[in-house]
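Peer 1: no sequence on this one, just coordinates:
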């Protein structure tokens, strides 16, 4: 009996290897970010630098304002966006899960269509700039992530299957309206799925740089990911320009330090990596709970 | 419990509402003062400007008396640049200057720089959404051809004749490099007309071993071999030839091969003069084989670093760390009296890195059509007053003060003059001065520019001299632009084969005796012959049309 419970060593080994494959690149990034520039050019990347140097972090702190500001933008957008996203998604999902809702079929189909077809970049741009006029505002960063068809369906399924209909019925029999049912009964019972979708949303908002690229011209409103992307791409362009524009090699500028990029990557990854463990238990439960009922 | 719930709901809902309103409010403000939010600003000036804005030849730049008075107009300039803290100050200074010096033009500029990372995407969106802007920086490697095809740019011939006298005076025939389908859609920036490519050597080691560099006058890379061998034997910690900079690239990407598309072009150095217009595949030329074999030999002998094809390798950092002796096939700086095989100090790089470097040109570019569309100013189809845009552009080709404001900012604040050169004000660095960029090559007549302290004061004279060398060997295909449409699929297929083998052959890691024939076979299968035929057909048609 006992031996049956123990995992086969080969499976253990497999998972150890898989975890290492995930961890090693992070370790390397961390180490490179702390390697001195001379050591880097002489010996290249290494898992334990010959000489530690925090010059990249010092540089970031010295010129900290843009980074801190973009950090602030990211945090603000992620926080507001995630709450708003949960509110909008869950309320739509709740409506769709109610059998007596007359537009249920039509709206479900509508949501499904948005999952299958996208409008394309240009219409998207036109709606936000010409119709809503939200370019260069934080709203432009928040609105695109508010609603995703996939999230709505995950939540609707959860509401429909995991909340006993009798609970809802009894609440309504006691005189609760739809709003009361939604806020007092359904939401408190749905923490797992809210945490799951919340995590999707946090990661989505945190990692989104493309919306910034398209809608934000004001560098005070850059979010962290776009700030990093921008720094990197600008450096790459400057490197390649001399060749493409046929300009004198003398005008080439020195590119930012390798370890600086790595330090930025560490900074960008850290917050999400810290949030994940707290939400992880809901994450697993939320996804499976809608599938099978025990 | 009940009460609490109700309050909670109201609280959350009102909180959300407040947040949304607040964000919209503060965002709106920012939207207005930040660059290029199109619609609103264009709308107000649009009606009046377009009414008076197509002046029938009477309201030219110089002619003020008796001419119809021009309505005020804001010329929006779109170009790629990083963040400049004092952009607003510089823009105001430019506008003050314009108002004072050219009151008749009655125009203001609005600088709308876009980050490099977003430039291509954003310009695309601005064009597609019909946003109003006037001057646009573009280039053949930055969607110029697509923009022309899409009709995003205005044809400029008439405007140039009317308002661009100074541009014509400076650029002359060189403007024709941007001609597409017989019409001019971009104005070339007056700049150096190409690059020299060649060898960069560490001076310290050259001096140490008293190398004789005179054999390199031949312009042949193989004459460097004995020198590399010495370094390999006597300096174990130094890479004799550090990549990614390779003889093959230096030879075939420069004037020696007149590239038409991908690997297809006209061989300029090895063919007989009677057959100058024969289109060939560079991989099938004897010269390619020879240089590939040379590189492979060097690679096997350990002269070339093994990580030469890894992305992100910075050759000059290796020079700085004193682990590199030579870089073969780098772009060089333009100095006085350049000639093939003539060693010179690589001044700017040496100062920048704190390591003395010698450069030896092995190739000098030819005057090539593609180079003359490598940095352009164009006028957008959405401009409400293209004439005024052209007037402004013309000023950048003759007015040193205006150009200096754009390039170096305000004197005293962003730069000071020391012996006629631009220097940073005391106690300021590039990061703290508020306005610092080196994008002189994007606008106007570069020969009007100041040089920076540390640069050769004669930099622009050297450019002129270098341009004469370049112009003295014009490309046989000057003015020819290849239309890739008929062989689009073949080009993609050939490009795939190329990207598999080319880096390996360039860096010497593949043996050309084995892999070159393999590659050529695969290219034939991918349709390289069809591309050659198509290119030959277009070249012949062009020759017939132009009487070459």
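Peer 2: Arrived safely, thanks for sending. Quantities reported herein were computed from a predicted structural model and do not represent experimental measurements.

Peer 1: so the residue in the stretch 1-150 of chain A positioned nearest to chain B: helix, strand or coil?
Peer 2: Nearest to chain B in the stretch 1-150 of chain A, going by C-beta to the nearest C-beta, is residue A:137, at a distance of 2.3 Å. Any C-beta I mention is one placed from the backbone N, CA and C, and that applies to glycine too. Taken by DSSP: H, G, I helix; E, B strand; the rest coil, the conformation at residue A:137 corresponds to coil.

Peer 1: neighbours of it, just the number please.
Peer 2: Using other C-beta atoms under 10 Å in any protein chain shown, residue A:137 is surrounded by 25 other residues.

Peer 1: can you check residue A:103 too?
Peer 2: Look at residue A:103: counted by other C-beta under 10 Å, it has 10 neighbours.

Peer 1: do the same with residue A:236
Peer 2: Residue A:236: 15 surrounding residues under other C-beta under 10 Å.

Peer 1: go ahead and confirm residue A:229 touches residue A:209.
Peer 2: Yes: counting by C-beta atoms under 8 Å, residue A:229 touches residue A:209, with 4.7 Å between them.

Peer 1: of the two, who's got more company?
Peer 2: Set side by side, residue A:229 and residue A:209 show more neighbours around residue A:229, with 21 against 17, by other C-beta under 10 Å.

Peer 1: for stretch A:181-195, measure first residue to last.
Peer 2: In stretch A:181-195, first residue to last residue: 20 Å (C-alpha to C-alpha, to the nearest Å).

Peer 1: which of the residues in it are buried?
Peer 2: Within stretch A:181-195, the residues that qualify as buried by neighbour count (16 or more other C-beta atoms under 10 Å in any protein chain shown) are A:181-187, A:189-190, A:192-195.

Peer 1: which element is whichever residue of the stretch 251-400 of chain B sits closest to chain A on?
Peer 2: When scored by C-beta to the nearest C-beta, the stretch 251-400 of chain B has residue B:348 as its residue closest to chain A, at 3.8 Å. Here residue B:348, judged by DSSP states H and E, is contained in helix B:347-353.

Peer 1: just checking, residue B:380 touches residue B:151?
Peer 2: No: assessed by C-beta under 8 Å, residue B:380 is found out of contact with residue B:151, at 10.8 Å.

Peer 1: the more surrounded of the two?
Peer 2: Set residue B:380 next to residue B:151 and count neighbours by other C-beta under 10 Å: residue B:380 wins out with 25 against 11.

Peer 1: so what's the backbone phi/psi at the residue of the stretch 1-150 of chain A closest to chain B?
Peer 2: The phi/psi pair for residue A:137 (degrees, to the nearest 10) reads phi -130, psi 160.

Peer 1: I'd assumed residue A:220 was in contact with it.
Peer 2: No: using C-beta under 8 Å, residue A:137 is not in contact with residue A:220; the gap is 11.5 Å.

Peer 1: residue of the stretch 101-250 of chain B closest to chain A, please.
Peer 2: Closest point on the stretch 101-250 of chain B to chain A, by C-beta to the nearest C-beta, is residue B:117, at 3.2 Å.
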